[in-house]
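Undergrad: sequence unavailable; structure follows:
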């Protein structure tokens, strides 16, 4: 039989067969030929999966990978596709970094909290909750 079985593709890519079937269903990889009801993938499917894995490592969702692969005219070179997608993704990553930094501030304030009751706690205060907690504790 020609082509790769789904097990061979899974072994060579490190994916589960269910992920390969999902990629196929989503149109991310070409549909395989069938021989006696068994999938037989063209070896080029490995290149497609490498591309998908790279895009996923860059933080792209499955929907964004679909856009990368199918969301441009066929004559759009890969460099233009990546540039367009990366510009948008970098904006999102910058926002996520900001959000994570804010999360870190809140968590660090939480580490310093000495409140005795949740009702008195004001971790969202930029100076931490000590001052307000001490006031509440004195009452």
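TA: Received, thanks. Model, not experiment: these values are computed from the prediction. Numbering: from 1, shown residues only.
Undergrad: strands along the chain, start to end?
TA: Secondary structure of the chain by DSSP state E: the strands cover 33-35, 38-40.
Undergrad: packing partners of the first one?
TA: In terms of contacts (3 or more Cβ pairs under 8 Å, 6 or more residues apart in numbering; DSSP states H and E), strand 33-35 is packed against strand 38-40. From N, CA and C alone the C-beta is placed, and that goes for glycine too.
Undergrad: average pLDDT for the strand it packs on?
TA: Mean per-residue pLDDT for strand 38-40: 94.
Undergrad: what does stretch 69-83 give?
TA: 96.
Undergrad: now do the end-to-end distance for that stretch.
TA: With Cα to Cα, to the nearest Å as the measure, stretch 69-83 spans 13 Å from end to end.
Undergrad: who's in contact with it?
TA: The contact list for stretch 69-83 (Cβ atoms under 8 Å, 6 or more residues apart in numbering) reads 27, 28, 51, 68, 84.
Undergrad: most neighbours of all these, which one?
TA: residue 68 (22 neighbours; other Cβ atoms under 10 Å).
Undergrad: just checking, that one touches residue 60?
TA: Yes: under the criterion of Cβ atoms under 8 Å, residue 68 lies in contact with residue 60, with a separation of 6.7 Å.
Undergrad: give me the neighbour count for residue 39.
TA: Other residues lying near residue 39 total 20 when counted by other Cβ under 10 Å.
Undergrad: surely it and residue 10 touch.
TA: No: using Cβ under 8 Å, residue 39 and residue 10 do not qualify as a contacting pair, with a distance of 11.0 Å.
Undergrad: state the distance from the spatially closest residue to residue 84 that is not a sequence neighbour to residue 81.
TA: The shortest distance from residue 84 to any residue other than its chain neighbours is 7.7 Å, reached at residue 72 (Cβ to Cβ, 6 or more residues apart in numbering). Residue 72 is 5 Å from residue 81, where distance means Cβ to Cβ, to the nearest Å.
Undergrad: would you confirm that residue 93 contacts residue 60?
TA: No: using Cβ under 8 Å, residue 93 makes no contact with residue 60, being 11.0 Å away.
Undergrad: that'll do, ta.
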